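K.L.:
quick one: sequence plus predicted model below, questions after.
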Amino acid sequence: MIIKRISEKIPTTIVIGSSLIGGFGLVCLIKEFVGGPRYQGVDTSDAENKVIIITGANTGLGKETAWELARRKAKVYMACRDIQKCEIARKEIVLDTKNKYVYCRQCDLASLDSVRKFVETFKSKEKRLDVLINNAGVMRTPNSKTKDGFEMQLGVNHMGHFLLTNLLLDMLKESAPSRIINVSSVAHKRGKINKDDLNSEKNYDPSTAYAQSKLANILFTNELAKRLEGTGVTVNSVHPGIVDTEIIRHMSFYNSWISTIFLKPLIWPFIKNPQQGAQTIIYLAIDTRVEKISGKYFSNYEEEDVGDQAKDENTSKWLWATSERWTRLHQTSIYK
């Protein structure tokens, strides 16, 4: 009797187990499809001997980008705020790729002094720069300011990278053909540059401030591309997709237990992991097919149209002039 009952339950158990395995397999296939194809390139040495700076390279998109470029034999500088986390990531990359030319350098984009010190140190060690990847970013932070008094998202996502890029332009020009990649977001399409309250002093909304900072990335790219015409230096922006990285750490609901149980399992197949999100960044950094393309916005390897606000040339010029003043770009110094 007992044997009969067991034998009756086995088929049901097998069916349920097979269904769960099949369902999980289908979910994994959806995630792979949504994530898009992995960048292949010409060969694994297409970045060999290129000197590349990546901001925010100790985690997420930046780390995966650094990892792949190190695998392709590039000389990679990981520009990070947290030097201890950077060293942990660097060791992982070096042990895996056997590329000893991977370095950690402190660069806190929330501090203009830190950015200047990073550039000074870099220039004392290197004579060329082939690729600058402005990847680091923060999203929906509490109302807070950088060390120089900028709203945190505007300061880190735009102002810090604006200064960093301009201080490295001489090296990029001397190393031409060279490239700049600015990591933006589709969120720029709902952004607006608030000329009356750029620093969110009168009113602060974390989502609005984030969208403004991502729009600033696109406007910066557009204006810089015009200024670099004929120099051999290209600059493009990229939307990596919706990627599961530490940038969401300030989104309290998404990190709540309710979200963990009910929301995350549902949206997991439709969100890229960091490796998937990094592929278009890698493509823009080294692929020969885009070596002469500049001032464009990419997503999933393809050029895409930007939002209407990002096409406003007057706003891009205004933002550039304002950014020059606020970052004291042309102050009397060795960088002038």
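P.N.:
On my side now, so go ahead.
K.L.:
how about low-confidence regions in the chain?
P.N.:
1-35, 42-45, 245-270, 332-336 (pLDDT under 70).
K.L.:
can you give me the strands in it?
P.N.:
Per DSSP state E, the chain carries strands over the ranges 51-55, 75-80, 102-106, 131-134, 178-183, 233-238, 297-299, 302-303.
K.L.:
contact partners of the shortest one?
P.N.:
By C-beta atoms under 8 Å, 6 or more residues apart in numbering, the residues outside strand 302-303 that reach it are Ile293, Lys296, Tyr297. Backbone N, C-alpha and C define where each C-beta goes, glycine included.
K.L.:
which ones are touching the first one?
P.N.:
With contact set as C-beta under 8 Å, 6+ apart, Ile293 has these partners: Thr234, Asn236, Glu303.
K.L.:
show me what contacts the first one?
P.N.:
To tie it back to what came earlier, the one meant is Thr234. By C-beta under 8 Å, 6+ apart, the neighbours of Thr234 are Pro177, Ser178, Arg179, Ile180, Ala225, Leu228, Val290, Glu291, Lys292, Ile293, Ser294.
K.L.:
can you put the residues you listed in CSV and add distance to Asp205?
P.N.:
Below are the contacts of Thr234 laid out as CSV (distance: C-beta to C-beta, whole Å):
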residue, distance to Asp205
Pro177, 41
Ser178, 37
Arg179, 34
Ile180, 30
Ala225, 30
Leu228, 34
Val290, 35
Glu291, 40
Lys292, 40
Ile293, 35
Ser294, 33
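K.L.:
weed out the non-buried ones from these.
P.N.:
Ser178, Arg179, Ile180, Ala225, Leu228, Val290, Ile293, Ser294 (16 or more other C-beta atoms under 10 Å).
K.L.:
and the closest residue to the fourth one other than its chain neighbours, what does it touch?
P.N.:
The spatially closest residue to Ala225, leaving aside those adjacent along the chain, is Gly295, at 3.1 Å (C-beta to C-beta, 6 or more residues apart in numbering). Residues near Gly295 by C-beta under 8 Å, 6+ apart: Thr221, Asn222, Ala225, Lys226, Val235, Asn236.
K.L.:
farthest-separated two in these?
P.N.:
Lys226 and Asn236 (13.2 Å; C-beta to C-beta).
K.L.:
in the stretch 201-336 of the chain, which spans are helices?
P.N.:
Using DSSP state H, counting those that start in this stretch, the helices of the stretch 201-336 of the chain run over 206-227, 257-258, 264-267, 274-277, 279-286, 313-326.
K.L.:
looking at those, which is nearest to Phe162?
P.N.:
Nearest of the helices of the stretch 201-336 of the chain to Phe162, taken as C-beta to C-beta: helix 313-326 at 4.7 Å.
K.L.:
output the contacting helices and strands for that closest one.
P.N.:
Other helices and strands packing on helix 313-326, by 3 or more C-beta pairs under 8 Å, 6 or more residues apart in numbering; DSSP states H and E, are helix 206-227.
K.L.:
isn't Leu219 up against Leu319?
P.N.:
Yes. Between Leu219 and Leu319 there is a contact under C-beta atoms under 8 Å: 5.2 Å.
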